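Asker: turn this into a structure:
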Amino acid sequence: MLEKLIYHLLRNQLIIALLVVVVGWFMYEIRGILVAIFVAYILMAAHLPLVTFLRKYRVPKIFAILVPYLASVTLLVLIIIPLVPFFVSQIQALFFNFASYLDATAKLVGITIDPNQVENLMISEVNNLGKNAFSLTSRAFGGLFSIVTIMVVSFYLLIDNERIKHVIAKLVPAKSHKRAMETYTQIEAKLGAWLRGQLVLSFSIGALTWVVLTVLGIDFAFPLAVIAGILEVVPTIGPIISAIPAVVVALAVSPTMALIVVAAYILIQFLENNILVPKIMEKAVGLNPIVVIIGVMIGAKIMGVVGALLSVPFIAMAVIIFKAIKNSSEA
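Answerer: From the prediction side, this is the model:
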């Protein structure tokens, strides 16, 4: 009965058009929730191989899931908490000294700016942040709540992973059950590999950048390296953007030093593209750079930084689904 109703609805083009509009509007309204679920799904996919490994040795399911999550949280806490005070102090110092760096850079290209005005603008922004402390605190607690929610959702996605697979399989015709399960497994593998590889790659690039800038004697090597590691998540565009503040700081020393820094960043990217990426991201997504750039631009336009960061795994998932549908239609 239900199948006949769906069949008749699909034959009515007006109803289909209305359904598409309603569904599109509804998804846009809850886009924040959908993004949180997508992030939770990626986290689940990243932890799944270790959970599967533990289950092979007959570790109880709840412990097999808890161990990877607790290990990840513990590692993040041990790394982040000791570095936060130092990082904050470095960022503040870079923030307040950036006016002088900008002035030195402007003089090299024949542009005159008033560093006092730039500094006053920055001080004014800092004061505005202080005045909006309540708003910032609310946002911080909201962000913390979102992180906890995402972790909890990801945890339950792992617990019910097999059940979710069977539910998805039932949404397609019986003859396509096997293909649907294979597609779901491919998406899990790709997105999990992307996140694991991206974390390792970001840490590697950040550490390598910090070593190089420290050896060259560039001020604020640590925050500049953190910026390089974070922007590594945005392929193609991110590494280029991360080099800009480092070059500005180096120009305050000399044009020669700036050229050396540019050469160092190019060398780091060469090592990344020819050694790190093939080794670390071997099983991760492989997309055309043009597709990536367009996807990042669209993601940034729709949802800002979050959209830019999640555009690559989303496109990878869409490509897998598209190929599965195409192969199914050709079969």
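
Asker: lowest-confidence helix or strand of this protein?
Answerer: Using mean pLDDT, DSSP states H and E, the weakest-scoring helix or strand in the chain turns out to be helix 115-131, at a mean of 52.

Asker: so how far is Leu78 from Val200?
Answerer: Plainly put, Val200 is 17 Å away from Leu78 if you go by C-beta to C-beta, to the nearest Å. C-beta coordinates here come from the backbone N, C-alpha and C atoms, glycine included.

Asker: who has more neighbours, those two?
Answerer: Shown here are Val200 and Leu78; by other C-beta atoms under 10 Å, Val200 has more neighbours (14 against 10).

Asker: check the gap between the more buried one and Gly229 for me.
Answerer: 11 Å.

Asker: cool, and Val39?
Answerer: Distance from Val39 to Gly229, counting by C-beta to C-beta: 19 Å.

Asker: what of Met151?
Answerer: Remark: distance between Met151 and Gly229 (C-beta to C-beta) = 22 Å.

Asker: just Ile275 next, same as before
Answerer: Distance from Ile275 to Gly229, by C-beta to C-beta: 17 Å.

Asker: who has more neighbours out of the two?
Answerer: More neighbours surround Gly229 than the other of Ile275 and Gly229, with 22 against 11 (other C-beta under 10 Å).

Asker: quick check: the more buried one vs Lys165, distance?
Answerer: Taken as C-beta to C-beta, the span from Gly229 to Lys165 is 34 Å.

Asker: ok, now Lys301?
Answerer: Noted for Lys301: a distance of 34 Å to Lys165, by C-beta to C-beta.

Asker: quick one: low-confidence parts of the stretch 101-250 of the chain?
Answerer: 101-145, 235-236 (pLDDT under 70).

Asker: if we go to 80?
Answerer: 101-148, 166-177, 233-238 (pLDDT under 80).

Asker: and the gap between Glu232 and Ile240?
Answerer: 11 Å.

Asker: dump stretch 220-234 to PDB, restricted to CA.
Answerer: This file holds the C-alpha atoms of stretch 220-234, laid out as PDB (Å, rounded to 0.1, in the frame of the first residue of the first chain):
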ATOM      1  CA  PHE A 220      56.100  34.400  16.800                       C
ATOM      2  CA  ALA A 221      57.100  31.100  15.200                       C
ATOM      3  CA  PHE A 222      54.700  29.200  17.400                       C
ATOM      4  CA  PRO A 223      51.400  31.000  16.600                       C
ATOM      5  CA  LEU A 224      52.400  31.200  12.900                       C
ATOM      6  CA  ALA A 225      53.000  27.500  12.900                       C
ATOM      7  CA  VAL A 226      49.600  26.900  14.600                       C
ATOM      8  CA  ILE A 227      48.000  29.000  11.900                       C
ATOM      9  CA  ALA A 228      49.800  26.900   9.200                       C
ATOM     10  CA  GLY A 229      48.600  23.700  10.900                       C
ATOM     11  CA  ILE A 230      45.000  24.800  11.200                       C
ATOM     12  CA  LEU A 231      44.700  26.200   7.600                       C
ATOM     13  CA  GLU A 232      46.200  22.900   6.400                       C
ATOM     14  CA  VAL A 233      42.600  21.600   6.800                       C
ATOM     15  CA  VAL A 234      41.600  23.800   3.800                       C
END
